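Novice: Let's see this in three dimensions:
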Amino acid sequence: MKLEIMDSPGQLVNALKPISDAGGNIKSVIHERDPLSESKTLDVEITLELPKDRLESLKETLKKSGVSIVRIGEERFLIRKSVILIGHLMHTDLSDTVDRIDATGFAEVGELQMIMPAIDEPTSAKMTLKSDSLEDINRAMEILRVIAVQKEILIVEPLEGI
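Specialist: As a prediction, the model looks like this:
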């Protein structure tokens, strides 16, 4: 859920309390001021669990309290899959690999940890892909497999169901 609130004391509480009152379980809250914006508002991203039969009531309560609802949708980037990449990752343009996954619009590289033992030795990296569905994670993995063949990179994937 993405909300827009006035940048003044107490407004974040005004946005969160109705969620709690509706029986919502707030998982995370991110609120930030856009330094380039001259608006006196803040964007608030809230990840939450809420029974579907309470959503309409929550929307009405938020609107009445002066909170603007920008977007309501399922949590994004819930599904994560980590793989190990082994090869000459830097020499084969790792940023290109990341960009090609991120450019899909349905998945992104959420985390990347790399170990570089020596300049001429293969590099290993743990790459975590994020998406909002298992189907899209699998589509991103197919793209990563194609890239790996092109760049002669070994992918070590987790064993599923273990």
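Novice: For stretch 140-158, list every residue counted as buried.
Specialist: Buried residues in stretch 140-158, counted by 16 or more other C-beta atoms under 10 Å: 140-141, 143-144, 147-148, 151, 153, 155. All C-beta atoms are positioned from the backbone trio N, CA, C, and that covers glycine.
Novice: my bad, should have said stretch 53-66
Specialist: Neighbour count says stretch 53-66 has 58-59, 61-62 buried, by 16+ other C-beta under 10 Å.
Novice: before we move on, back to that, just give me the closest of the buried residues of stretch 140-158 to T123.
Specialist: Nearest to T123 among these is I153, at 9.4 Å by C-beta to C-beta.
Novice: Surely that closest one and L89 touch.
Specialist: Yes. Counting by C-beta atoms under 8 Å, L89 is a contact partner of I153 at 6.7 Å.
Novice: what residues are shared contacts of the two?
Specialist: By C-beta atoms under 8 Å, 6 or more residues apart in numbering, I153 and L89 have these common neighbours: T97.
Novice: hmm, back to that, which one of the buried residues of stretch 53-66 is nearest H31?
Specialist: H31 has its nearest neighbour among these in L62, at 14.7 Å by C-beta to C-beta.
Novice: before we move on, the earlier item: and the buried residues of stretch 53-66, which two are the farthest apart?
Specialist: So, the buried residues of stretch 53-66 by C-beta to C-beta: farthest apart are K59 and T61, at 7.4 Å.
Novice: ranges for the strands of the protein?
Specialist: For the chain, the strands defined by DSSP state E occupy 2-6, 25-32, 41-49, 68-71, 79-87, 107-115, 123-131, 154-156.
Novice: Give me the pLDDT for I155.
Specialist: Looking at I155, its pLDDT stands at 97.
Novice: What is the longest helix belonging to the chain packed up against?
Specialist: Secondary structure of the chain per DSSP state H: the longest helix is helix 134-151. When contacts are defined as 3 or more C-beta pairs under 8 Å, 6 or more residues apart in numbering; DSSP states H and E, helix 134-151 packs onto strand 79-87, helix 94-102, strand 107-115, strand 123-131, strand 154-156.
Novice: So which of the ones you listed is the most surrounded?
Specialist: Burial among the helices and strands packed on helix 134-151, expressed as mean neighbours by mean count of other C-beta atoms under 10 Å, is greatest for strand 123-131, which shows a mean of 19.
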